[in-house]
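Student: I'll drop the sequence and a predicted model, then ask my questions.
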Amino acid sequence: MIATNFFRALASFFTEFLFAPYDALRFTEGWWITNFFNWILFSITSLLFIYWLLQLQKFKKAGTE
């Protein structure tokens, strides 16, 4: 009984609070506004991937792999 209440509360927290901004963006008209978060996450991931590749090159040249 306690476990089911915990998982129901967890589901309620995610659907009613954490996904609320996405529900608001779902009904907007502009494509750029709705995909704003995706572009930010894509940019951060790309920058981190480039940084990781540069670090790999640096350690490979130093011979400390």
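Tutor: That came in fine, so what should we check first?

Student: Every contact and neighbour count from this point should use C-alpha atoms.
Tutor: OK.

Student: Output the longest helix belonging to this structure.
Tutor: Secondary structure of the chain per DSSP state H: the longest helix is helix 36-62.

Student: Any chance you could give me stretch 48-60 in PDB, C-alpha atoms only?
Tutor: Extracted in PDB, the C-alpha atoms of stretch 48-60 (Å, rounded to 0.1, in the frame of the first residue of the first chain):
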ATOM      1  CA  LEU A  48      30.800  19.100 -24.500                       C
ATOM      2  CA  PHE A  49      31.500  16.600 -27.200                       C
ATOM      3  CA  ILE A  50      34.000  18.900 -28.900                       C
ATOM      4  CA  TYR A  51      35.700  19.500 -25.600                       C
ATOM      5  CA  TRP A  52      35.900  15.800 -24.900                       C
ATOM      6  CA  LEU A  53      37.500  15.200 -28.400                       C
ATOM      7  CA  LEU A  54      40.100  17.900 -27.800                       C
ATOM      8  CA  GLN A  55      41.000  16.400 -24.400                       C
ATOM      9  CA  LEU A  56      41.400  13.000 -26.100                       C
ATOM     10  CA  GLN A  57      43.800  14.500 -28.600                       C
ATOM     11  CA  LYS A  58      45.800  16.200 -25.900                       C
ATOM     12  CA  PHE A  59      46.200  13.100 -23.900                       C
ATOM     13  CA  LYS A  60      47.000  11.000 -26.900                       C
END
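
Student: List the buried residues of the longest helix of the chain.
Tutor: Across helix 36-62, burial judged by 16 or more other Cα atoms under 10 Å covers no residue at all.

Student: Run the chain-centre distance for that helix.
Tutor: With Cα atoms, centre = their mean, to the nearest Å as the basis, helix 36-62 stands 15 Å off its chain's centre.

Student: Kindly report the same for stretch 20-37.
Tutor: 15 Å.
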